[in-house]
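[1] give me the fold of what follows.
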Amino acid sequence: MRIYGTNGAGLSAKASGVRRAASGTFSVSEQEAPHNTAAAPSLRSISSLDSLMALQGIEGPAERKKRAVAKGRRALDVLDDLKIGLLDGSVDGSTMARLKVAADGLAEETGDPGLDAVMGEIGLRVAVEIAKAGIRQP
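    Residues are numbered from 1 along each chain as shown. Predicted coordinates for the structure are as follows:
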């Protein structure tokens, strides 16, 4: 192998002799009128709020199961509080209001037949207790 120089800079092509003179001025021919250009169609941009809402709407089966289990546990906790209140004779309106709130969303399907069956039974028990208390459900 033959080495021609230390970095091979001597082998590179020399720049052409054509250079533009920098005059520092810019002129537009007065004979040419500017062409009318059509406005570019505006693109609909997705705001960050729209994209966040779309991402929140996408949930997997695992997320649905977690949410259903949490709702079921809350409903069971309120049913336990109601049971203790009935045994003590201290059932108040706040327990019944919590029971009514816990009834919301118990009928949502999770995709798991076993979990859906358990959630249906919890929802039925909550509905029976609400009916016994005489609270109207919407």
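[2] ok, residue 98 to residue 129 distance?
    11 Å (Cβ to Cβ, to the nearest Å). C-beta coordinates here come from the backbone N, C-alpha and C atoms, glycine included.
[3] more neighbours: which of the two?
    residue 129 (20 against 16; other Cβ atoms under 10 Å).
[4] residue contacts, that one?
    79, 82, 99 (Cβ atoms under 8 Å, 6 or more residues apart in numbering).
[5] leaving out sequence neighbours, find the closest residue to the second one.
    The reference is to residue 82. Residue nearest to residue 82 in three dimensions, not counting chain neighbours: residue 95, with 5.5 Å by Cβ to Cβ, 6 or more residues apart in numbering.
[6] same question for the first one.
    The spatially closest residue to residue 79, leaving aside those adjacent along the chain, is residue 125, at 6.4 Å (Cβ to Cβ, 6+ apart).
[7] neighbours of the one you found, how many?
    Neighbourhood size, residue 125 [other Cβ under 10 Å]: 15.
[8] list the buried residues in the longest helix anywhere in the chain.
    Across the chain, the helix with the greatest residue count (assigned by DSSP state H) is helix 61-88. Using 16 or more other Cβ atoms under 10 Å as the test for burial, helix 61-88 gives 64, 68, 71, 72, 74, 75, 78, 79, 82.
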